[in-house]
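Asker: Fold the following, please.
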Amino acid sequence: MKGYMYILECANSKYYTGSTIDLERRIAQHQEGEGANFTKKHRPVKLVYFEEFKSIEFAILKEKQLKAGSRQKKIDLITYL
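Answerer: Coordinates of the predicted model:
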């Protein structure tokens, strides 16, 4: 099953990184306040980056790598496009 790693920009200009098997549904959950506590407090959110992987496990690994890195690492990834 495919997986997605994504980065959201929140209303406070901070970034939230997550992973999911259904990107559209998960983004909608964040917008409705049903996602993570962080995004619930800082809505609205905007999808600024995502990657598709062949499995959710790979998406989770990428998410963990980004969360362990700096904000600049996320910015570099977003602006590389």
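
Asker: Which strands and helices lie in contact with the helix ranked longest in the chain?
Answerer: The longest helix of the chain (DSSP state H) is helix 56-68. Counting contacts by 3 or more Cβ pairs under 8 Å, 6 or more residues apart in numbering; DSSP states H and E, helix 56-68 packs against strand 3-9, strand 15-20, strand 46-53, helix 71-80. Just so you know, the C-beta spots here come from the backbone N, C-alpha and C atoms, and that holds for glycine as well.

Asker: and the first one, which strands flank it?
Answerer: Think strand 3-9. strand 15-20 (antiparallel), strand 46-53 (antiparallel) (DSSP bridges).

Asker: That strand to helix 71-80, inter-axis angle?
Answerer: Interaxial angle, strand 3-9 versus helix 71-80 (axes from the mean of the first three to the mean of the last three Cα atoms, to 10 degrees): 100 degrees.

Asker: Keeping just the C-alphas, turn strand 3-9 into PDB.
Answerer: What follows is strand 3-9, C-alpha atoms only, in PDB (Å, rounded to 0.1, in the frame of the first residue of the first chain):
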ATOM      1  CA  GLY A   3       2.300   6.000   1.700                       C
ATOM      2  CA  TYR A   4       2.800   9.700   1.700                       C
ATOM      3  CA  MET A   5       5.000  12.000   3.700                       C
ATOM      4  CA  TYR A   6       3.800  15.500   3.800                       C
ATOM      5  CA  ILE A   7       4.600  19.000   5.200                       C
ATOM      6  CA  LEU A   8       2.000  21.500   6.200                       C
ATOM      7  CA  GLU A   9       2.500  25.200   6.800                       C
END
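
Asker: contact partners of it?
Answerer: 15-21, 23, 26-27, 30, 39, 45-60, 62-63, 66, 74, 77-78 (Cβ atoms under 8 Å, 6 or more residues apart in numbering).
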